[in-house]
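A.B. asks: sequence first, predicted model second:
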Amino acid sequence: QLPLVESGGGLVQSGGSLRLSCTASGVSLDEYVISWFRQTPGKEREGISCITDGGVATNFAESVKGRFTISRDNAKNVVYLQMNSLKPEDTAVYYCAADSGLANCNERTYNYRNWGQGTQVTVSS
């Protein structure tokens, strides 16, 4: 099990920005496809953005295109999700997920064997 840890969540006003981080202590993320998902109570976990081990980024959700950017810094062993122009509907628990067996980005939760504990993002109106 990969020890993924998310951080950077919090409370922000509508229109504000947050940067989430996903790290793994003691394990290199270089060979992993990493995705960000989010979930609100009563709803299924939604794929947001993904980045391959080669650095190819994909946004799955139309609602975040132009506002959210995923990136990775292999030297620091971290994957970021930069979230700008946040809206109240972005409020959710955000999770990072990783898998070394994927050749490309995939938004299906069942493809990822490793998950973090989640970080809460709350956007006030």
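C.D. replies: Nice, thanks for sending it over.
A.B. asks: mind listing what's buried in the lowest-mean-pLDDT helix or strand in the chain?
C.D. replies: Lowest on mean pLDDT, DSSP states H and E among the helices and strands of the chain sits strand 57-59, with a mean of 93. By 16 or more other C-beta atoms under 10 Å, the buried positions in strand 57-59 come out as 58-59. For the C-beta atoms, the positions are set from N, CA and C on the backbone; glycine is no exception.
A.B. asks: for the helix or strand just after that strand, give the mean pLDDT please.
C.D. replies: The first helix or strand that comes after strand 57-59 along the chain, using DSSP states H and E, is strand 68-73. Per-region confidence: strand 68-73 scores 97 on mean pLDDT.
A.B. asks: what element comes up after strand 68-73 heading to the C-terminus?
C.D. replies: strand 78-83.
A.B. asks: helices and strands around that next one, which ones?
C.D. replies: Other helices and strands packing on strand 78-83, by 3 or more C-beta pairs under 8 Å, 6 or more residues apart in numbering; DSSP states H and E, are strand 18-24, strand 46-51, strand 68-73, strand 92-99.
A.B. asks: for residue 38, find the nearest of those strands.
C.D. replies: When those are compared by C-beta to C-beta, strand 92-99 sits nearest residue 38, at 3.8 Å.
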